[in-house]
Structure formats: structure tokens, C-alpha cells
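Trainee: Quick one, what's the 3D model for this:
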Amino acid sequence: MQLCTALLLWQVQQVAPAPTVLSCCYGFSECLGLQAGDDLQKATELGCPTSADGQHAAQMQSTLQGFFALFRLNDGQSIAGSSATPYGDGMPCTFAPTDDVLSHKKQIASLNDIQVNFSNGSTAVVTGATWLPAVESNEYMSILLLGYFGFREGTHPASVVIGGSNAYTGQGLQYANTGLELVYAKLWDVQSHVVLEGQPPLPALLNANPTVQQAMAVLANDTCGNHFPETTHVVQVVMNGGVLVTYEGDTHLPEHPHHKPGHKGMWQLRVGERVLSETEYIGMGDIWDPDNIVDLCLKLDSTVLSKIEEQGLHVRLFSTRRLLILDILNMFLQLT
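Mentor: Numbers count the residues shown, from 1 in each chain. Sure, this is the predicted structure:
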């Protein structure tokens, strides 16, 4: 196991004229297009997770079609490509946080605003994009790109530009199904965080579609305050892909995080050299949806908060992926 480390951000960045892409995570392969009835051999060919006893898992093609049928561009959730074109490879990209949760959406009106480039100068075909499932009002900073990004040819993108953003060229573009990296983390007091849970940034969505109403009702209960009423603060951690839990040497399929002993051990939080105790880091929230965001539930007293203001709070993600140190050490912030 290797260790991924990032320094907790203490202040939301100022809104920029164009979005800033912090990470893109290539490597989900055409497993995104697995069809009902496909066997283990097909799943293996597509790069899907498989287990020693012949089980396999993937994001089904029918699910992706549902994303684009249910959420159209005017809903602010998905940008649909051609229905006649298979969706191909998947690549989630995460933006730097801003005060305006919809600022990224304003920069991306069509697939023409998304450019995925190869090192030989050619451009990849982007077949679709969606903000789902990270669409609560304290999220909405990751977009899943679908297209042909080089999996079949054994290559990978060289750069990604979205809505006039910076050209992302980081190591995430060489990702090959080996784990997660921590993109950034943000500290909230529990009251400010919970009022945004289960609430889409476009309230009209709740009235427009019963499916959205049902999904948001579930998400509104999946909070630190609901699971752990003693929570005083929440650390929102954002990874470069959806969260799955497995253990070294495990032959079973990875699973989504649950409130099981050991699962919260994916993360470690410390102030200076002191690791937060079991009574301070008490559990996780926002784990019922398959997005790239998880909440770490904290119970902190005034003494610990003072230490955090002085020394910062460090968040570590234990992952099988090779270490990547993000250049975010200049973003020091004060607790408010």
C-alpha cells in the first residue's frame, strides 16, 4: 500500500474567468459499456473489475443511457452525444472549488467545449459528458467525460482542456486501474454543510423529475449529522474517481464504502504530528452514491480547532496507486 497526501484547503478560491482542472483520471476503459448478459471473458477484455470466483462488475451501458435520457443539457446535468455512438472510455475530471457552484457549468455548453488531445497532435472523439452523480450543491465540481481516449490502442491522452480551462497534463492521464488519488479536501462546520446535502444547485430539477426527487431524498439522509449526531465539522474529501474499498491480497470484488470497521481507515487526519483519535474522527458520510466525494465526520472541541487554525489539518488517503504530490501547498486558509 502506498500513501497519497494532500494539505487541507481552508478557503474557497476566488472565481476565475475559466475553470481550473485539478485532475483527470483516465483508465476506466470500455468496461463502461458492459451489456447485460456479458460473461467473465467479455468483462476481462473490457478491463472490468473481476474476482477469483468469476464475479465481475461494471457501469452498465443501460445506466449510462439513462443518464443521458433523464438529464439533458438544459437540466444542467449531462451533455448528450450521439445516441448512435457507443460511449467508449470514461475519464472523470475535477475542477478547483469556487464560490459559484455553477460556474463550471456556465463554461461548458456543448461537447465542442471539451478537447482531449494525444501526444501526436490528434484529438480524441468525445461522445458525451455528465455531472452525475456528484450533483448536490456542495459538490458539482467533477464531470465524467465519455469517448475514445486510447484504451483500445494501448495509449492515453496527453492533455485535457474543458471550457477554456488550463490544459491538464498530469499523471492522472496515465492511470491504469490501480487506485485513487486525493485531489483536495475542504473543512466545513456541520450546519453549513448539511443544508446543501440532497439539494441540487438547480432547484427546478426537484420539481421536474420524480426520479431526481427520490434520489435527492436518499442523499439528504446520507450525512454526517444523520449518521453521527455528535458531528461538529465535516471534511469533504474529493478523489479523482469513484470510491471503492478493497484490501491487499483480497480476491473479492471491491465494494462501496460502508459503516464497517476498518473502512474509515482509508483516511487519516492529523494536526501537526498528532493523528485525530477515534473519538474525534468518528465516521463517514455521503457514501451511498458512487461519486468521487466522501465526507469525514469530526467531533472537535475548541482546543483542537485552535490547533488546526495554527497548524492546519492534514488528510491522507491510503491507496494502491503510486504517490502523487499535488502542488496545492500555497493555498493556506483560515477556519471561519
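Trainee: C-alpha only now, for contacts and for neighbours.
Mentor: Fine.
Trainee: Poorly predicted segments of the stretch 101-250 of the chain, please.
Mentor: 101, 175-179, 198, 200-212, 215 (pLDDT under 70).
Trainee: at 90 instead, please
Mentor: By pLDDT under 90, the low-scoring segments of the stretch 101-250 of the chain are 101-112, 125-156, 164, 170-186, 191-222, 238-250.
Trainee: how about the strands in it?
Mentor: All strands of the stretch 101-250 of the chain, identified by DSSP state E, counting those that start in this stretch, fall at 114-117, 125-130, 142-148, 159-162, 182-189, 233-239.
Trainee: and residue 32, which of those is closest to it?
Mentor: strand 142-148 (8.9 Å; C-alpha to C-alpha).
Trainee: Within its sheet, name the partner strands of that closest one and how each one runs.
Mentor: Counting by DSSP bridges, the strands paired with strand 142-148 are strand 89-95 (antiparallel), strand 125-130 (antiparallel).
Trainee: Could you export those as TSV, including mean neighbour count?
Mentor: Below are those laid out as TSV (neighbours: other C-alpha atoms under 10 Å):
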stretch	mean neighbour count
strand 89-95	24
strand 125-130	23
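Trainee: Dump these to a markdown table, plus distance to residue 35.
Mentor: Formatted as a markdown table, the strands paired with strand 142-148 follow (distance: least, C-alpha to C-alpha, whole Å):
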| stretch | distance to residue 35 |
| --- | --- |
| strand 89-95 | 14 |
| strand 125-130 | 18 |
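Trainee: Select, out of the ones you listed, the one closest to residue 156.
Mentor: Comparing the strands paired with strand 142-148 by C-alpha to C-alpha, strand 89-95 comes nearest, at 10.6 Å.
Trainee: and the most centrally placed residue in the chain, how far is that from residue 257?
Mentor: Nearest to the mean C-alpha position of the chain, by C-alpha atoms, centre = their mean, lies residue 292 at 2.1 Å. Distance of residue 292 to residue 257, given as C-alpha to C-alpha, to the nearest Å: 12 Å.
Trainee: So for the two, which residues contact both of them?
Mentor: Taking C-alpha atoms under 8 Å, 6 or more residues apart in numbering as the contact rule, residue 292 and residue 257 both touch residue 243.
Trainee: any chance you could map the helices in the stretch 1-150 of the chain?
Mentor: All helices of the stretch 1-150 of the chain, identified by DSSP state H, counting those that start in this stretch, fall at 40-46, 61-70, 103-107.
Trainee: Could you single out the most deeply buried of the ones you listed?
Mentor: Highest mean neighbour count among these (mean count of other C-alpha atoms under 10 Å): helix 103-107, with a mean of 18.
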